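# sequence and predicted structure, then a few things I'm wondering about:
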Amino acid sequence: MIIITKPDAAPGSDTFRELMEYLDALQGVRTRVHEVLGAQQTVTEIYLIGDTKSLDIEDIRSLPGVERVVRVSEEYRILGRHADDPRPTHFHYNGIRFGQDTLQIFAGLCAVDTREHVEAMMKALQDNGLTCTRMGAYKPRTNPYSFQGHGKACLPYVFELAGKYGIRVIAMEITHESHLDEIRTALEQTGHPTGVMLQIGTRNTQNFELLKNVGRQQEFPVLLKRGFGITLEESLNAAEYLASEGNRHVVFGLRGMKTNLGDPHRNLVDFGHIPVVKRLTRMPVCVDPSHSVGSRDRAPDGILDIFHVTAQGVIAGANMVLVDFHPHPAKALVDGPQALHMSELPHFIGDMRIAREAYEKRVALASEHAKG
Ligand code: PEP
Ligand code: MN
């Protein structure tokens with residue numbers, strides 16, 4: 001059960017203290033308080049955990065300081081969508097809205113290699129009106145002898161260049177909690193020219209200690225990639241780990257499933273799950289066409305497979321696209337075969353616009369038919 005308090009019953013007030021005294025005295029019920037920092041106001045939610053079945057929702061609703069009460073199922077308590085759940089399906093970060101109703105394109109380098117390539121990428125994004133990117137500094141590689149990313153050494157110039165070209169959010173994978181401090185330090189040293197969305201990669205979806213550490217901070221939002229060899233439910237529970245520790249600014253990323261049944265694509269494209277994730281949870285949903293398809297193969301209609309699957313995701317309501325580009329894919333140190341060329345960026349954006357418009361028309365059509 002979740003209690004949302006009235007604005008004048010925030011922690012520190014007498015009403016809040018009395019409410020907590022009452023709740024803490026309930027048999028078999030524990031409480032957990034979450035403060036949700038919004039753009040306009042801070043909302044306080046009190047989670048009642050344990051034996052809440054016997055509680056009368058009307059009794060709780062009538063307590064002083066209570067604005068709303070939501071009875072939640074056991075699954076995805078914080079990030080889930082529950083009956084009569086008024087909690088938002090979006091959040092704001094560094095001036096950008098991430099929601100189940102918006103679309104953000106994160107085009108960028110799979111891995112940072114040189115300063116020149118970072119600058120060429122950022123400039124192309126600005127020239128094309130984009131304000132988000134992906135830049136991998138810490139790369140989890142299958143082979144221990146492969147390039148592992150430049151790590152903290154590249155962060156200062158990546159952040160400075162992002163500021164120079166008006167990039168507001170960089171999606172960046174971290175593989176260890178110490179990377180969080182390195183990112184924080186580099187942002188401080190460079191004067192916070194940009195923002196970072198921490199990415200948890202598919203190989204770490206169930207690294208529970210990493211999830212708990214990342215969940216304990218609220219400074220950066222998180223992009224949680226679906227585990228490529230586990231069920232959707234298991235991956236959604238991984239996202240809930242982040243929220244249960246305090247960070248509910250989580251985007252859920254579909255990136256394909258590891259099975260040879262997806263051949264010749266690198267992974268089996270799983271974007272059919274976009275509506276499922278939106279129905280079960282309040283998270284915006286990201287698609288990663290690069291790591292799912294894994295190649296620059298083109299269909300006889302002249303359209304790259306990567307474009308096709310991205311459009312399939314966007315037309316199904318995806319809210320974020322994470323896509324690999326590179327100024328010289330042949331020279332890329334990681335995932336060159338799947339990187340799009342810089343010259344393809346305007347085409348990619350145009351194609352996404354068509355898919356997004358089609359999605360919006362489909363939503364309008366569904367709403368017309370629902371009325372009739
Ligand atoms: C990535 O986005 O760079 C990446 C490694 O993705 P994934 O964890 O989905 O493989
Ligand atoms: Mn990659």
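Ah, there it is. Residues are numbered from 1 along each chain as shown. Ligands and ions are numbered 1, 2, ... in the order given.

# past the lowest-mean-pLDDT helix or strand in the chain, which element shows up next along the chain?
Lowest by mean pLDDT, DSSP states H and E among the helices and strands of the chain is strand 29-37, with a mean of 87. Proceeding N to C from strand 29-37, the next assigned helix or strand is strand 42-50, under DSSP states H and E.

# what's near enough to touch Phe16?
Thr5, Ala9, Ala10, Thr44, Gly65 (Cβ atoms under 8 Å, 6 or more residues apart in numbering). Quick note: C-beta positions are derived from backbone N, CA and C, even for glycine.

# would JSON lines of these with pLDDT be doable?
Formatted as JSON lines, these follow (pLDDT from 0 to 100):
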{"residue": "Thr5", "pLDDT": "94"}
{"residue": "Ala9", "pLDDT": "93"}
{"residue": "Ala10", "pLDDT": "91"}
{"residue": "Thr44", "pLDDT": "93"}
{"residue": "Gly65", "pLDDT": "95"}
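
# narrow those to those in helices?
Counting by DSSP state H, none of the members of these fall within helices.

# how about the CA coordinates for the least confident helix or strand of the chain, as CSV?
These are the backbone C-alpha positions of strand 29-37, laid out as CSV (Å, rounded to 0.1, in the frame of the first residue of the first chain):
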residue,chain,number,x,y,z
VAL,A,29,3.5,-3.5,8.9
ARG,A,30,6.7,-1.7,8.2
THR,A,31,7.0,1.7,6.6
ARG,A,32,9.5,3.2,4.1
VAL,A,33,9.4,6.9,3.1
HIS,A,34,10.3,8.0,-0.4
GLU,A,35,10.6,11.6,-1.4
VAL,A,36,10.0,12.1,-5.1
LEU,A,37,11.8,15.2,-6.4
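
# could you check the angle that strand makes with strand 42-50?
Angle, strand 29-37 to strand 42-50, by axes from the mean of the first three to the mean of the last three Cα atoms, to 10 degrees: 160 degrees.

# strand 29-37: partners in the sheet, and parallel or antiparallel?
strand 42-50 (antiparallel) (DSSP bridges).

# circling back to that earlier point, for ChimeraX, what selects the buried ones among the contacts of Phe16?
The command below creates a ChimeraX selection of those among these that count as buried (16 or more other Cβ atoms under 10 Å):
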select :5,9,10,44,65
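
# closest to Gly317 out of the contacts of Phe16?
The shortest approach to Gly317 among the contacts of Phe16 belongs to Thr44, at 30.7 Å (Cβ to Cβ).

# and that closest one, what are its bridge partners?
Glu35.

# now the one 5 residues further on
With beta bridges defined as DSSP bridges, Ile49 has these partners: Arg30.

# I figured it was touching Val33, is that so?
No. Contact criterion Cβ atoms under 8 Å: Ile49 and Val33 do not qualify, at 11.6 Å.

# for the stretch 1-150 of the chain, what spans make up the helices?
Remark: helices assigned in the stretch 1-150 of the chain by DSSP state H, counting those that start in this stretch are 14-24, 57-61, 115-127.
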